[in-house]
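**Student:** have a look; sequence and predicted model below, questions after that.
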Amino acid sequence: MLLEVHEVTKQFGGLTAVDTINLNIKKDELIGLIGPNGAGKTTFFNLLTGVYEPTSGYIKLLGEDITGQKPYRITEKGMARTFQNIRLFKDLSVLDNVRVAKIFNTDYGIFDSIFRTKKFYKEEIRVRKEAEELLDRFGLLKKMDLPAHSLPYGEQRKLEIVRALATNPKLLLLDEPAAGMNPQETTELMDLIKKVKNDFDISILLIEHDMKFVMSLCERIAVLDYGKIIALDTPEKIKNNKKVIEAYLGEVEED
Ligand SMILES: Nc1ncnc2c1ncn2[C@@H]1O[C@H](COP(=O)(O)OP(=O)(O)OP(=O)(O)O)[C@@H](O)[C@H]1O
């Protein structure tokens, strides 16, 4: 199993934001995580990536217990994410945004970097080459010297995904990747996600409010409501699931 989430709960004071969640993700799966506002989706991502420690339960990545580990350790072990709001280093170049992420995987220590050893230069060359190759695969090479903030919105979102891939993840978490995109950008993003999954041989878990997007892209969908997974099934079955329909009707009435 790639990811094993066992009875994970997160409480904030008296509020149970994530409630006894069980979820297994296999290699090469593309899973959607949906649910009404405040259902606990972002909190769940924060638990997986080590931003929060679960109140109880455990999380295993490739059989190894990662519960409560620091985010950078979890990244090293093979989990990467993007955020609901773009979090690029806006003033750094497109290339440097990817290089910074790649440095996670370098083989040189602080000694090498201070004394600029041969190993340091060798690694620097490797990192730059790999970063350029990655940008090339996503059609961003021509823009590598531009500051990240100068890219159009859709490309900034794409760069975030490229930067996450630069850490060589086995599991990629995408938090509302289509947020703020126009229909054409959304269609391009769907193709991009499929390409990423196939070309990089990874699993993807994504949060998304755009139902059409989730339904046509994901193989399985997990539905969260009040911190609990109320359904986990194929898009077709989720569409007709009574509990799911009720959870969303509740949301419409509240608005
Ligand atoms: N750091 C925190 N401290 C206290 N309560 C929190 C904290 N983070 C989230 N919550 C609460 O936990 C619940 C779940 O929030 P969360 O942001 O995970 O939901 P969500 O499904 O991602 O919502 P949205 O779709 O609106 O982004 C909410 O009631 C929220 O107010």
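**Tutor:** Yes, it's here.

**Student:** where does the residue nearest to N241 when sequence neighbours are not counted fall, secondary structure wise?
**Tutor:** Once flanking residues are discounted, N241 sits nearest to A231: 4.9 Å by C-beta to C-beta, 6 or more residues apart in numbering. Where you see a C-beta, it was placed from the backbone N, CA and C, and this is true even at glycine. In the assignment (DSSP states H and E), A231 maps to strand 228-233.

**Student:** that strand: how far from the chain's middle?
**Tutor:** Strand 228-233 sits 20 Å away from the centroid of its parent chain (C-alpha atoms, centre = their mean, to the nearest Å).

**Student:** can you tell me the element the residue positioned nearest the centre of the chain falls in?
**Tutor:** The residue lying closest to the centre of the chain (C-alpha atoms, centre = their mean) is L173, at 1.9 Å. Here L173 sits within strand 171-175, counting by DSSP H and E.

**Student:** quick one: buried residues of that strand?
**Tutor:** In terms of neighbour count (16 or more other C-beta atoms under 10 Å), strand 171-175 has its buried residues at L171, L172, L173, L174, D175.

**Student:** strand partners of it, parallel vs antiparallel please.
**Tutor:** Sheet partners assigned to strand 171-175 using DSSP bridges are listed as strand 79-81 (parallel), strand 203-207 (parallel).

**Student:** how far off centre is that strand?
**Tutor:** 2 Å.

**Student:** save the buried residues of strand 171-175 as JSON lines, and put in pLDDT too.
**Tutor:** Formatted as JSON lines, those follow (pLDDT from 0 to 100):
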{"residue": "L171", "pLDDT": "97"}
{"residue": "L172", "pLDDT": "97"}
{"residue": "L173", "pLDDT": "97"}
{"residue": "L174", "pLDDT": "96"}
{"residue": "D175", "pLDDT": "94"}
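
**Student:** separation between the closest residue to L95 other than its chain neighbours and E123?
**Tutor:** Excluding the flanking residues, the one nearest L95 by C-beta to C-beta, 6+ apart is M144, at 4.0 Å. As for M144, its distance to E123 is 19 Å (criterion: C-beta to C-beta, to the nearest Å).

**Student:** and stretch 215-227, what's its mean pLDDT?
**Tutor:** Stretch 215-227 carries an average pLDDT of 96.

**Student:** flag every buried residue along that stretch.
**Tutor:** Residues M215, L217, C218, R220, I221, A222, V223, L224, D225, Y226, G227 are the ones in stretch 215-227 that count as buried (16+ other C-beta under 10 Å).

**Student:** got the domain ranges for this protein?
**Tutor:** Following automatic domain parsing, the chain resolves into domains at 1-78+169-255, 87-167.

**Student:** give the partner strands of the strand holding A231 in its sheet and their orientations.
**Tutor:** strand 220-225 (antiparallel).

**Student:** the residue nearest to the centre of the chain against G50, yeah?
**Tutor:** No: with contact defined as C-beta atoms under 8 Å, L173 does not reach G50; the gap is 11.7 Å.

**Student:** can you identify the element that follows the top helix by length along the chain toward the C-terminus?
**Tutor:** Secondary structure of the chain per DSSP state H: the longest helix is helix 118-137. Using DSSP H and E, the helix or strand that follows helix 118-137 in sequence is helix 153-165.

**Student:** contacts for that following helix, please.
**Tutor:** 80-83, 86-88, 94, 97-98, 100-101, 134-135, 138, 140, 143, 148-149, 151, 172, 174, 177, 180-182, 185, 188-189, 192, 196, 200 (C-beta atoms under 8 Å, 6 or more residues apart in numbering).

**Student:** pretty sure I74 sits in a helix.
**Tutor:** Yes: remark: I74 belongs to a helix, assigned using DSSP: H, G, I helix; E, B strand; the rest coil.

**Student:** and it, what is it in contact with?
**Tutor:** Applying C-beta under 8 Å, 6+ apart, the residues near I74 are L48, T49, G50, L61, I66.

**Student:** with that, I have no additional questions.
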